[in-house]
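J.: model the structure of this input:
(chains A and B)
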Amino acid sequence: TAGITQAPTSQILAAGRSMTLRCTQDMRHNAMYWYRQDLGLGLRLIHYSNTAGTTGKGEVPDGYSVSRANTDDFPLTLASAVPSQTSVYFCASSAAGQGAYNEQFFGPGTRLTVL
Amino acid sequence: QKEVEQNSGPLSVPEGAIASLNCTYSDRVSQSFFWYRQYSGKSPELIMSIYSNGDKEDGRFTAQLNKASQYVSLLIRDSQPSDSATYLCAVIGGSARQLTFGSGTQLTVLP
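T.: From the prediction side, this is the model:
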């Protein structure tokens, strides 16, 4: 079982360009999440989806958009990248969207550099 | 005040010793608490979850929760060099219902 896959592994992007980070899970989890991890700031939630067809904003949603057309895929789009979006991006999933027993499992990450 | 606080470390312990990692949280109605391990350049890996007061043991790991003191800890017994990593505390609060992470504690186990 692959679990969660992310693509690309790393990317260098010119400022102003758009990019979509891909995330796919094969665990039939209802909920999926996008985090960014920056030195000294820890993991911060960008967007989430509790179930297919619904999305919500996290702590740092500005400059990012998501869609959840089906259970397995949760792409993250940067419409016009800026250098402050340089970060490591992690996709995660959990069986339940909300509730106390919300164990989240992480993908391998995408390292994005915006120049 | 940050919602989830951890000592950033670094914390160094000799091989075979007990490593103690601490975490405090601000939301009194938080219900669920998790410890993740993250090796350098890798993604966070869930190693422990705890939901009620007291201790929960899994192999060399013990999670301890005290909701009255808003405190959760992770003990690693018989520490090994392979335990060297950053340990992230994460909490599901009462209002947002999403996972909030601490900034992590870097642990080094010295051979």
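J.: near chain B, which residues of chain A?
T.: A:33, A:40-45, A:48, A:58, A:90, A:98-109 (C-beta under 8 Å from any C-beta of the partner chain). (Glycine included, C-beta is placed from N, CA and C.)
J.: what does chain B have sitting close to chain A?
T.: Looking at chain A, the residues of chain B close enough under C-beta under 8 Å from any C-beta are B:31-32, B:34, B:36, B:42-46, B:49, B:51, B:88, B:92, B:97-99, B:101-104.
J.: filter these to the buried ones?
T.: Listed as buried from the residues of chain B next to chain A are B:31-32, B:34, B:36, B:43-44, B:46, B:49, B:88, B:92, B:98-99, B:101-104; burial here means 16 or more other C-beta atoms under 10 Å in any protein chain shown.
J.: which of those fall within strands?
T.: B:S32, B:F34, B:Y36, B:L46, B:S49, B:L88, B:I92, B:L99, B:F101 (DSSP state E).
J.: turn those into CSV, columns for pLDDT.
T.: Shown next, in CSV, are those (pLDDT from 0 to 100):
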residue, pLDDT
B:S32, 90
B:F34, 95
B:Y36, 97
B:L46, 96
B:S49, 94
B:L88, 96
B:I92, 88
B:L99, 87
B:F101, 93
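J.: between those, which is closest to A:T54?
T.: B:L99 (17.7 Å; C-beta to C-beta).
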